[in-house]
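[1] No sequence on hand, only this structure:
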């Protein structure tokens, strides 16, 4: 997610410590080795800390992490058209330190569960496999897709999609954050890139959200909304909850509205509600967005628990910010629920 969602209050820190202590004790009993060490965890994520003058995304992005117990590593790529229409592509691949499956596909060791799907006049799932992932300098490669290059220029080839990604002429090109709370930790890199090439064999131009996350923490329910508008401004909203039934403001939340220039407005607390099978409403102080789902892809993760993660491609015809209406946009909603260590 854009921005830094890891400004933690007292409640979040307390929950983090409690989850961390529970995870630490459980892993001691269940695994007997490879245990999470608090001091080692901080060092594990410090390589992308802004305090260490993190300047180049490639070292973190292309390197496979040595996952501690409870660790998860995944990459997420979302490509959105800026030329009208509602074409989008999502490619997700990742793995866990423990035996885990995603939609029945193995995600453990050197195997990544990989799901690629798009919308271009209709929904198409072009990839859903467990694949051996080769990580090298400037290269992520499997038998079914490749992502290669050096910051700030990359190429994604997957199925009938060949896309070139480059640094935007203005705005924020990438963000890197890391945080530890007790025995929990996260390192996250997100790049915001321009995209040209072919999507589903058709000429394409748009923007890309390219992310890598390494996390040592349980997956708990969350929602994420990212909308890209015709003027290339972006609304980004994230909230984590203790239960899917919790329709309030969640235990941790961040929301921003960023102009194409890079100027970013921090938004107040908001609330995402599902109004029906395909309707969503996001409301907060000084902003609101009404969205409609036009394509969805469900994920089911099983391992040390069970976790549902649903991706919804959405259109937004009604977005207001400080009482001013904004041009129509589209993007993605993540609706995640369950619990997975």
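    Sure thing, it's come through. Quick caveat, the model's predicted, so the values are computed rather than measured. Residues are numbered from 1 along each chain as shown.

[2] Show residues contacting stretch 312-325.
    86, 88, 90, 119, 227, 229, 235, 257, 265, 280, 286-296, 326, 328-335 (C-beta atoms under 8 Å, 6 or more residues apart in numbering). For glycine as for every other residue, the C-beta is placed from the backbone atoms N, C-alpha and C.

[3] in that stretch, what's buried?
    Within stretch 312-325, the residues scored as buried using 16 or more other C-beta atoms under 10 Å are 312-314, 316, 319, 321.

[4] same deal with stretch 252-268?
    252-258, 264, 267.

[5] from the buried residues of stretch 312-325, which is closest to residue 339?
    Residue 339 lies nearest to residue 312 out of those, by C-beta to C-beta, at 21.2 Å.

[6] what's across from that closest one in the sheet?
    Using DSSP bridges, the bridge partners assigned to residue 312 are residue 296, residue 333.

[7] now residue 162
    Under DSSP bridges, the beta-bridge partners of residue 162 are residue 157, residue 198.

[8] what's around it, how many residues?
    14 (other C-beta atoms under 10 Å).

[9] circling back: kindly reformat the buried residues of stretch 312-325 as a markdown table containing distance to residue 189 and pLDDT.
    Below are the buried residues of stretch 312-325 laid out as a markdown table (distance: C-beta to C-beta, whole Å; pLDDT from 0 to 100):
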| residue | distance to residue 189 | pLDDT |
| --- | --- | --- |
| 312 | 24 | 99 |
| 313 | 24 | 99 |
| 314 | 25 | 99 |
| 316 | 26 | 97 |
| 319 | 27 | 95 |
| 321 | 27 | 93 |
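
[10] For residue 80, state which of those residues is nearest.
    Within those, proximity to residue 80 (C-beta to C-beta) peaks at residue 313, which comes in at 9.0 Å.

[11] Just give the nearest non-adjacent residue to that closest one, would you?
    Closest residue to residue 313 apart from its sequence neighbours, by C-beta to C-beta, 6 or more residues apart in numbering: residue 295 at 4.4 Å.

[12] Was I right to think the one you found contacts residue 120?
    No: taking contacts as C-beta atoms under 8 Å, residue 295 lies outside contact range of residue 120: 10.3 Å.
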